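Participant: Quick check, what structure comes out for this input:
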Amino acid sequence: ACVEGRPKWPPVGQQGGKPMSDYPKRKIVRLPCYDYGETGYYFITICTHEKVCRFWSNGKLNPCGQLVLRRIQALPERFPTLQLDQAVVMPNHVHLLFYLQRQEDLSVMKIINWFKTITTNDYIRGVKAGIFPPYQDHFWQRSFYDHVVREERDLQEIRQYIVNNPIKWNLDRFYESADD
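Facilitator: Model (predicted):
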């Protein structure tokens with residue numbers, strides 16, 4: 001059975017002497033009561049912090065984008081029960097579609113957290129080596145978008161969306177800043 005809610009600490013209504021109502025509320029983006037370690041297809045979108053365009057130059061993958069793509073392609077090596085179906089690196093985000101076979105102590109969140117950590121560390125090494133410019137605050141946005149794929153038609157539409165996404169980039173509201 002799914003248990004709604006969690007124990008709250010600090011006590012309800014207080015955090016650092018400030019009423020909890022004064023803090024911004026984060027939108028819950030995961031399916032309630034869904035086990036993200038279940039066998040199935042998952043569509044994931046991860047954006048850079050503040051949607052900064054870091055992965056393309058002059059309409060194609062730059063060295064940073066290539067680094068991220070290599071880490072995406074290495075996901076099945078790191079997580080043998082993950083089968084990468086489709087992926088694309090866009091100027092300020094990545095799309096992943098993968099099939100995950102149930103494995104003890106593995107979930108979509110663990111996979112994405114590992115990916116974000118390893119790519120951030122790779123980028124920091126590149127900054128120290130003078131390859132990449134430094135970034136402000138964070139490399140990736142705090143969370144990520146996920147979609148649990150439940151129907152074949154949905155799966156086909158997502159595959160097509162990923163394939164077409166680079167072609168449609170010039171229609172994106174962030175397009176102008178992509179090649180700065």
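
Participant: Could you list the alpha-carbon positions for stretch 135-148 in PDB?
Facilitator: Provided in PDB are the C-alpha atoms of stretch 135-148 (Å, rounded to 0.1, in the frame of the first residue of the first chain):
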ATOM      1  CA  TYR A 135      29.400  28.100 -14.700                       C
ATOM      2  CA  GLN A 136      27.300  30.000 -12.100                       C
ATOM      3  CA  ASP A 137      25.700  28.100  -9.200                       C
ATOM      4  CA  HIS A 138      24.800  24.700 -10.700                       C
ATOM      5  CA  PHE A 139      25.400  22.900 -13.900                       C
ATOM      6  CA  TRP A 140      22.000  21.100 -14.100                       C
ATOM      7  CA  GLN A 141      18.500  22.100 -12.900                       C
ATOM      8  CA  ARG A 142      17.700  20.600  -9.500                       C
ATOM      9  CA  SER A 143      15.000  18.300 -10.800                       C
ATOM     10  CA  PHE A 144      14.100  16.600 -14.100                       C
ATOM     11  CA  TYR A 145      11.000  15.800 -16.100                       C
ATOM     12  CA  ASP A 146      10.000  12.200 -16.300                       C
ATOM     13  CA  HIS A 147       7.200  10.400 -18.100                       C
ATOM     14  CA  VAL A 148       6.400   6.700 -17.500                       C
END
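
Participant: So what's the gap between it and the chain middle?
Facilitator: Between the mean C-alpha location of stretch 135-148 and the chain-wide mean there is a distance of 6 Å, by CA atoms, centre = their mean, to the nearest Å.

Participant: List the residue ranges of the protein that fall below the pLDDT cut-off.
Facilitator: Residue ranges of the chain with pLDDT under 70: 1-37, 171-180.

Participant: buried ones in the helix ranked longest in the chain?
Facilitator: Looking across the chain with DSSP state H, the single longest helix is helix 108-128. Neighbour-count burial for helix 108-128 flags 108, 111-112, 115-116, 119, 122-123 (criterion: 16 or more other CB atoms under 10 Å). No exception for glycine: its C-beta is placed from N, CA and C like everyone else's.

Participant: do the same with stretch 57-65
Facilitator: Buried, per 16+ other CB under 10 Å, within stretch 57-65: 57, 61-62, 64-65.

Participant: Which members of those occur in strands, if any?
Facilitator: 57, 61 (DSSP state E).

Participant: how about the buried residues of stretch 57-65 in JSON lines, adding distance to Ile131?
Facilitator: Listed next are the buried residues of stretch 57-65 as JSON lines, based on distance: CB to CB, whole Å:
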{"residue": "Ser57", "distance to Ile131": "13"}
{"residue": "Leu61", "distance to Ile131": "14"}
{"residue": "Asn62", "distance to Ile131": "10"}
{"residue": "Cys64", "distance to Ile131": "8"}
{"residue": "Gly65", "distance to Ile131": "13"}
